[in-house]
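Asker: need a 3D model of the following:
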Amino acid sequence: MNRLGERLFKLRRDKKLSQEEVAEKLNVTRQTISKWETDQSMPDFDKVVPLCELYGITPDELFIELKVKENSKNNEFVTLLEEEKIKTSKKAKGIAVGVVLYFLGVVWIMISIPVMNMNPIVASALFLLICGISTGIIIYVCIKYKKIKTLKETESDKLRNQISNVVAIIVTIIYLIISFQTMAWHLTWIIWIIFGLFEEILKLIFMLRSYKDEK
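Answerer: Numbers count the residues shown, from 1 in each chain. Predicted structure coming up:
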């Protein structure tokens, strides 16, 4: 083994973790961990951050201490870390814009027909257009500014998903109760728009908390 494999092996041993345990936490196979420690391969960039977090060191400590000769890869990784903060900020702003558009869409549909006496078809078409633009913005920033997740963020995602699942069940029950009692199925579907809005707000809150922790 060269020094990188030895270093990873020693870090795992010091933490009293098996290869299986490390593999499970990083969502890779045990064989992958073995290849890293025997220098058959190197950790991908998106695994370096959670790997170092697991072993209680920083990426700089891992690479600088080892004096990695592959300066091009090291420089690329350092640049990647710097870009991650910028991506997180841009992604949060994009989702915020999408959430605001959702709010404007809901306000629009609430006042356009009863207050402005607008044609329901035209009002609904504009409402769907606003929702479509909002959804497009959110999907775009989530794909374009996808970031490397640390172990802490992975746990945060699990918590967020659990909250979303519970709320989804509650919303479904409320939707069915209101719909069957009022028989206003053409109106109660707006509940799902509100639920979608809640999902994005929840995602934004967790993202901003993660961004704050990074600072």
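
Asker: which of the three states applies to the residue of the chain most remote from its centre?
Answerer: Relative to the centre of the chain, and counting by CA atoms, centre = their mean, the farthest-placed residue is Asn117 at 40.8 Å. The assignment at Asn117 comes out as coil when based on DSSP: H, G, I helix; E, B strand; the rest coil.

Asker: what about it, distance to Leu187?
Answerer: The spacing between Asn117 and Leu187, counted by CB to CB, to the nearest Å, is 18 Å. Just so you know, the C-beta spots here come from the backbone N, C-alpha and C atoms, and that holds for glycine as well.

Asker: and Cys142, by the same measure?
Answerer: Computed as CB to CB, the Cys142 to Leu187 distance reads 30 Å.

Asker: now Ala96
Answerer: Using CB to CB, one obtains 28 Å as the distance from Ala96 to Leu187.

Asker: same check on Ser112?
Answerer: Using CB to CB, Ser112 is found at 14 Å from Leu187.

Asker: give me the more crowded residue out of the two.
Answerer: When Ser112 is set against Leu187 and neighbours are counted by other CB atoms under 10 Å, the residue ahead is Ser112, at 18 against 12.

Asker: secondary structure element for the nearest residue in space to that one that is not next to it in sequence?
Answerer: When the adjacent residues along the chain are set aside, Ser112 lies closest to Ala123, with 4.0 Å between them (CB to CB, 6 or more residues apart in numbering). When elements are assigned from DSSP states H and E, Ala123 belongs to helix 120-144.

Asker: now Leu17
Answerer: If you go by DSSP H and E, Leu17 is not part of any helix or strand.

Asker: how far away is it from Cys142?
Answerer: Using CB to CB, one gets 32 Å for the distance from Leu17 to Cys142.

Asker: gap between the strand or helix carrying Ala168 and the chain center?
Answerer: The secondary structure element spanning Ala168 is helix 151-182 (assigned by DSSP H and E). In terms of CA atoms, centre = their mean, to the nearest Å, the gap separating the centre of helix 151-182 from the centre of its chain is 17 Å.
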